[in-house]
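A.B. asks: Need a 3D model of the sequence below.
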Amino acid sequence: MTLVNDAAPAMRSTGRKFRAFTAKHLDELTARAGLSPDQRLATRAVATVLPFRTNAYVIEELVDWSAAPDDPIYRLVFPQADMLPAEDVAHLSDLLRREAPKAEVEAAAHRVRMKLNPHPAGQMELNIPSFGDGKIPGMQHKYDETVLYFPKQGQTCHAYCTYCFRWAQFVGEADLKMAGDEPAALRDYLLAHPEVTSVLFTGGDAMIMGEPVLRRYVEPLLDLEQLESIRIGTKSLAYWPQKFVTDPDADDMLRMFEQVVESGKNLAFMAHFTHPRELEPLMVAEACRRIRDTGAVIRTQAPLIRTINDDAGTWETMWRAQTRMGLVPYYMFVERDTGPQDYFAVPLAQAYEIFRDAYKNVSGLSRTVRGPSMSATPGKVCVDGVVDLMGQQVFALHFIQCRDADLVGKPFFAQYDPNAVWLDDLKPAFADRFPWEK
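C.D. replies: Have a look, this model is predicted:
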């Protein structure tokens, strides 16, 4: 296969260099959104606890500043004052107002973080496997056939989402971070576990790395016959499509993608799109075309987030646009039980209605999507609907993935609760325990 890019449009020469904006730019940017001094201070207070990072592309091409601070893309990347308990925001704001010592601010922020469940679903306790003389840094193995790897150099993003369930990776606390820099150890682990058929590079964002760095992790896997697929979890298509069009190593990166495909592996680009506006720039379409020309498949996923995409029309529009672009709708997730979950969560009953109302209006090609799905401690739980059984209104659910593979695909039921937002809020129906409970 050869890279077909000679006929790329003129936009390839108009890309700008990447410029990041961090917490030190918040006051200026939130003033642009019309926030008062007190509101800007509260936003900065939240940013001492939860990470903030964005870039010029997001600010100039995606945010509708005439609608800020209510614009969904603004809310997607900028901290909100009410994302944390009011008393915590007030205390942190006071520290910032009186210019308290940095160590005092950091200590206060740490105390708030520890109340936010920084590592949900047993990520640290249950997912990190032992191997050889100990544990392999930066690896998780939750489901038999899939290993997740967190490359050390990929543990940041082009911009951070305010609801990110991996926010703990980005706050500068080493004890909360997952990262590995041992490609040989990853390969050795896979050879010792022939049941593994798929590796997912995640983070952070693997596409923050340059081609030579990513190659260090990918190339040693290409001769492993057991592997069927290599996956890359990324938000780069939404937040920095220049990575695949105008960045200096764009062509080299795409040639590496070709190499993966030519090795007989399915290269799956797990692209994170949260709102239809992220698909609108012409640069995104060109980036998707170039990736697909390598033989890679682009699958799309995102969580359902209150105030950002919590209506069926948004998802219908997004899935239709993705299908037109040759992308494969894959998952609608439920916001995880971490960080500011209470702020962003949508009740499961409402989530199912949004999913169903969007799903019924798209063609079969878009109905590859699954959801709403919770990536909970026992596995990925899909809400199949609300039904009346034996005189009770109940949730019908099943496992898409499970630590106990025997439970995959088997339906189970939970008592209907209109306020439930997560698996732990549910109680079993027609039984005294759920199938995974001992």
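A.B. asks: Now do the helix or strand where A349 lies, average pLDDT.
C.D. replies: A349 belongs to helix 348-359 when elements are defined using DSSP states H and E. The pLDDT scores in helix 348-359 average 98.
A.B. asks: What are the buried residues along it?
C.D. replies: For helix 348-359, a neighbour-count test (16 or more other C-beta atoms under 10 Å) marks 348-356, 358-359 as buried. Heads up, the C-betas are built off the backbone N, CA and C, glycines and all.
A.B. asks: Low-confidence stretches in this structure?
C.D. replies: 1-15, 121-125 (pLDDT under 70).
A.B. asks: Recalculate using a threshold of 50.
C.D. replies: 1-14 (pLDDT under 50).
A.B. asks: residue ranges for the helices of it, please.
C.D. replies: Chain-ordered helices for the chain, with DSSP state H as the definition, fall at 26-32, 37-47, 56-57, 72-77, 86-97, 102-113, 183-192, 211-218, 236-239, 250-262, 282-293, 312-324, 341-344, 348-359.
A.B. asks: Export these as a markdown table, with columns for distance to Q155.
C.D. replies: Formatted as a markdown table, the helices of the chain follow (distance: least, C-beta to C-beta, whole Å):
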| stretch | distance to Q155 |
| --- | --- |
| helix 26-32 | 22 |
| helix 37-47 | 19 |
| helix 56-57 | 21 |
| helix 72-77 | 18 |
| helix 86-97 | 25 |
| helix 102-113 | 17 |
| helix 183-192 | 15 |
| helix 211-218 | 12 |
| helix 236-239 | 14 |
| helix 250-262 | 19 |
| helix 282-293 | 22 |
| helix 312-324 | 27 |
| helix 341-344 | 22 |
| helix 348-359 | 29 |
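A.B. asks: deepest of these, which one?
C.D. replies: Ranked by mean neighbour count, the helices of the chain are led by helix 236-239 with a mean of 26 (mean count of other C-beta atoms under 10 Å).
A.B. asks: Let's have the buried residues of helix 348-359 in CSV, adding distance to A56.
C.D. replies: Formatted as CSV, the buried residues of helix 348-359 follow (distance: C-beta to C-beta, whole Å):
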residue, distance to A56
L348, 38
A349, 40
Q350, 36
A351, 34
Y352, 38
E353, 38
I354, 32
F355, 34
R356, 38
A358, 32
Y359, 36
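A.B. asks: Starting from A302, give me the distance back to the closest residue to K235 other than its chain neighbours.
C.D. replies: Nearest residue to K235, sequence neighbours excluded (C-beta to C-beta, 6 or more residues apart in numbering): H272, at 4.2 Å. Separation of H272 from A302 (C-beta to C-beta, to the nearest Å): 6 Å.
A.B. asks: Which one's more surrounded, the two?
C.D. replies: A302 (25 against 22; other C-beta atoms under 10 Å).
A.B. asks: picking that back up, tell me what the helix holding A349 is packed against?
C.D. replies: strand 297-304, helix 312-324, strand 328-334, strand 370-375, strand 379-389 (3 or more C-beta pairs under 8 Å, 6 or more residues apart in numbering; DSSP states H and E).
A.B. asks: picking up where we left off before, how about the residue nearest to K235, what does it touch?
C.D. replies: 233-235, 237-238, 300-302 (C-beta atoms under 8 Å, 6 or more residues apart in numbering).
A.B. asks: For P428, state which of the residues you listed is nearest.
C.D. replies: Q301 (28.2 Å; C-beta to C-beta).
A.B. asks: Could you count how many residues lie near the closest one?
C.D. replies: Look at Q301: counted by other C-beta under 10 Å, it has 20 neighbours.
A.B. asks: Equivalent analysis for the one 3 residues further on, please.
C.D. replies: Here the count is done by other C-beta under 10 Å, and L304 has 27 residues near it.
A.B. asks: show me what contacts it?
C.D. replies: Contacts of L304 (C-beta under 8 Å, 6+ apart): 310, 315, 332-335, 346, 351, 354-355, 371-372.
A.B. asks: I'd assumed V387 was in contact with F430.
C.D. replies: No - counting by C-beta atoms under 8 Å, F430 stays clear of V387, with 12.0 Å between them.
A.B. asks: can you list residues touching both of these two?
C.D. replies: Common neighbours of F430 and V387 (C-beta under 8 Å, 6+ apart) are V394.
A.B. asks: So for P281, which of the helices and strands packed on helix 348-359 sits nearest?
C.D. replies: Among these, if distance is taken as C-beta to C-beta, the winner is helix 312-324, at 12.0 Å.
A.B. asks: So which elements touch the closest one?
C.D. replies: strand 297-304, strand 328-334, helix 348-359.
A.B. asks: Give me the spatial nearest neighbour of F244, chain neighbours excluded.
C.D. replies: A287 (4.1 Å).
A.B. asks: Quick check: that neighbour vs A238, distance?
C.D. replies: The gap separating A287 from A238 is 10 Å, by C-beta to C-beta.
A.B. asks: what's the neighbour count on the residue lying closest to S229 once chain neighbours are set aside?
C.D. replies: Leaving out its chain neighbours, the residue that sits closest to S229 by C-beta to C-beta, 6+ apart is N266, at 4.0 Å. Around N266 there are 15 other residues, counting by other C-beta under 10 Å.
A.B. asks: For N266, give me its contacts.
C.D. replies: 228-230, 297.
A.B. asks: Among those, which one is most surrounded by other residues?
C.D. replies: Result: I230 is most packed of the contacts of N266 (other C-beta under 10 Å), 23 neighbours.
A.B. asks: V261 is in contact with that residue, correct?
C.D. replies: No - between I230 and V261 there is no contact under C-beta under 8 Å: 9.6 Å.
A.B. asks: got any residues that touch both of these two?
C.D. replies: L267.
A.B. asks: would TSV of the helices and strands packed on helix 312-324 with distance to D406 be doable?
C.D. replies: Putting the helices and strands packed on helix 312-324 into TSV (distance: least, C-beta to C-beta, whole Å) gives the following:
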stretch	distance to D406
strand 297-304	26
strand 328-334	23
helix 348-359	24
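A.B. asks: Y163 touches P340, doesn't it?
C.D. replies: Yes - with contact defined as C-beta under 8 Å, Y163 and P340 form a contacting pair (7.0 Å).
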